[in-house]
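K.L.:
Kindly generate the corresponding structure for this input.
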Amino acid sequence: MSGPPAFLGADVVEKYLGYSTLIPSLEKALVNYSRGKEGGIVQPIRTIVPVAKYRGFLGVMPAYSAVDDALTTKVVTFYETKTSSDIPSHQATVLLFEPSNGTLKAVIDGKVITDKRTAAVSAIATKLLKPSPAEVLCILGSGAQAHSHYEAFTQQFSFKEVRIWSRTRENAEKLAKAVEGNVRVCSTAREAVTDADVIITATMSTEPVLCGDWVKPGAHINALGACRPDWRELDDDLMKTCVLYVDTREASQKESGDIVQSGASIFGEIGEILNGTISAFPDKTTVFKSVGMAIEDTVAAKLVYDSWISKREDKN
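P.N.:
Below you'll find the model as predicted:
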């Protein structure tokens, strides 16, 4: 494609990024990442620039996949305190380059990509680690990630009950109304968690919102908040008694407050389960700590761009 880069907004990403194609593509990327140099993925740890005056952060996340021949960088901002309800706490843009010459091919909305790829990776981990049967889903949080996880998990799994809790009940009720599903809004996190088989923590909390003694033995937890080394979502009791899996050892040991502050030992990466080098333990209490990887954005952005190009060519 010649000429200026394409601009693909949120509506285009929503149209072309479905879980049926995203999940298998991400599984392949996770496997390749966990193979090290042999996997053909180059992904440095993200660079984080604090914007202390406004309690915000700017992150830069580049990655290259030789297997997919895809080169991207995501620029993401996230703020602890929102100045307006109309402005999301996380915003992102993905730049897609032509690997052979460095030309910028597309500027792609990154927020939808971030929401969907994060939920998709959580779904992959849950497929591997959830107990059987898994009938009760609990979501702690009510923001964009809570919404995308509800969407992905109700598509991929058959839960009989879904519970939602948020520190602001009004926000939990808004989410329940927005998803239009059979959802129970709970008054406390403990009420939501009790006897749940699968738990999702998707908050901006800086202190634990989930305690180990609330968790049903054998439950699986997807923890995706607490993305700074001084933030927490899970308490020490849970972190030190679970079997802990991550998306990336290298980044999670530096970025995840749940891991850094608890001193919990990482059993392995999800990609290592997928490639058969470590075991999954669905009969034990498991935690998947997700810090998010640039290669996930790369795979998702390429899927969107390739689908968009294909559609354009079909019209011509």
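
K.L.:
make it CA atoms for all contacts and neighbour counts henceforth
P.N.:
Fine.

K.L.:
Count the neighbours of the nearest residue to Leu17 once chain neighbours are set aside for me.
P.N.:
Distance criterion C-alpha to C-alpha, 6 or more residues apart in numbering; nearest residue to Leu17, sequence neighbours excluded, is Val304 at 5.9 Å. Using other C-alpha atoms under 10 Å, Val304 is surrounded by 22 other residues.

K.L.:
One more: Gln155?
P.N.:
Neighbours of Gln155 using other C-alpha under 10 Å come to 13.

K.L.:
you'd agree Val60 is up against Gln43?
P.N.:
No. Counting by C-alpha atoms under 8 Å, Val60 sits too far from Gln43 to count as a contact (11.3 Å).

K.L.:
Helix or strand: which one has Glu272?
P.N.:
helix 270-274 (DSSP states H and E).

K.L.:
no, scratch that, I was asking about Phe57
P.N.:
Going by DSSP H and E, Phe57 is part of strand 56-65.

K.L.:
Which strands and helices lie in contact with that strand?
P.N.:
Strand 56-65 sits against strand 41-42, strand 47-51, strand 70-79, helix 294-315, with contacts defined as 3 or more C-alpha pairs under 8 Å, 6 or more residues apart in numbering; DSSP states H and E.

K.L.:
Same list (the ones you listed) but as CSV, adding mean pLDDT and distance to Ala152.
P.N.:
As requested, these are arranged in CSV below (pLDDT from 0 to 100; distance: least, C-alpha to C-alpha, whole Å):
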stretch, mean pLDDT, distance to Ala152
strand 41-42, 97, 26
strand 47-51, 94, 28
strand 70-79, 95, 22
helix 294-315, 92, 15
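
K.L.:
The one residue sitting closest to the centre of the chain: what's it in contact with?
P.N.:
For the chain, the residue nearest the mean C-alpha position is Thr118 (2.2 Å; C-alpha atoms, centre = their mean). Residues near Thr118 by C-alpha atoms under 8 Å, 6 or more residues apart in numbering: Gln145, Ser290, Gly292.

K.L.:
Filter the residues you listed down to just the ones in helices.
P.N.:
Secondary structure from DSSP state H places Gln145 of the contacts of Thr118 in helices.

K.L.:
which SS state does Phe7 fall under?
P.N.:
Following DSSP: H, G, I helix; E, B strand; the rest coil, the label given to Phe7 is strand.

K.L.:
beta partners of it?
P.N.:
Counting by DSSP bridges, Phe7 is bridged to Val107.

K.L.:
Surely it and Leu104 touch.
P.N.:
No. Phe7 is beyond contact range of Leu104, at 10.8 Å (criterion: C-alpha under 8 Å).

K.L.:
These two: which is more packed in?
P.N.:
Between Phe7 and Leu104, Leu104 has the larger neighbour count (other C-alpha under 10 Å), namely 17 against 14.

K.L.:
Angles on the backbone of that one, please.
P.N.:
phi -80, psi 120 (degrees, to the nearest 10).

K.L.:
Excluding residues flanking it in the chain, which one is nearest it?
P.N.:
Leaving aside its sequence neighbours, Leu104 is closest to Phe97 (4.4 Å, by C-alpha to C-alpha, 6+ apart).

K.L.:
got a list of what the one you found touches?
P.N.:
With C-alpha under 8 Å, 6+ apart, Phe97 has these contacts: Ala70, Leu71, Thr72, Thr103, Leu104, Lys105, Ala106.

K.L.:
Scan those and report the most crowded one.
P.N.:
Counting by other C-alpha under 10 Å, top hit in these: Thr72 with 27 neighbours.

K.L.:
Is it in contact with Pro62, as I believe?
P.N.:
Yes. When contacts are counted by C-alpha under 8 Å, Thr72 is listed as touching Pro62 (5.7 Å).
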